[in-house]
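S.K.: heads up, no residue letters with this:
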């Protein structure tokens, strides 16, 4: 997955940690991807693994990525 951000499309079993339709920063993790998972920074502010099927990659304009990165 080459995107820097993903959008949550499902939060079954994780309603306190994930918000549907919210963008999350993606942390590259090749080993997690081999197991059908991705690592994101969730609502706790920490990087955790979640099922990849709960997200879709999203490409943002460079200006938007810079703005989001600056706000973090």
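M.R.: Looks like it arrived, so ask away. Just so it is clear, the structure is predicted and the values come from calculations on it, not from any experiment.
S.K.: Which secondary structure element of this protein has the lowest mean pLDDT?
M.R.: Lowest mean confidence among the helices and strands of the chain (mean pLDDT, DSSP states H and E): helix 62-71, at a mean of 78.
S.K.: Which residues does that helix contact?
M.R.: By CB atoms under 8 Å, 6 or more residues apart in numbering, the residues outside helix 62-71 that reach it are 4, 5, 23, 25, 60. For the C-beta atoms, the positions are set from N, CA and C on the backbone; glycine is no exception.
S.K.: Any chance of these in CSV with neighbour count, distance to residue 13 and pLDDT as columns?
M.R.: Listed next are the contacts of helix 62-71 as CSV, based on neighbours: other CB atoms under 10 Å; distance: CB to CB, whole Å; pLDDT from 0 to 100:
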residue, neighbour count, distance to residue 13, pLDDT
4, 17, 25, 89
5, 17, 22, 93
23, 17, 20, 93
25, 16, 21, 92
60, 14, 27, 87
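S.K.: coming back round to it: next one: the least confident helix or strand of the chain to chain centre, how far?
M.R.: Centroid separation between helix 62-71 and its chain, computed with CA atoms, centre = their mean, to the nearest Å, is 15 Å.
S.K.: related to what we said a few turns ago, among the contacts of helix 62-71, which two are most distant?
M.R.: Maximum pairwise distance in those, criterion CB to CB, is 11.0 Å, between 25 and 60.
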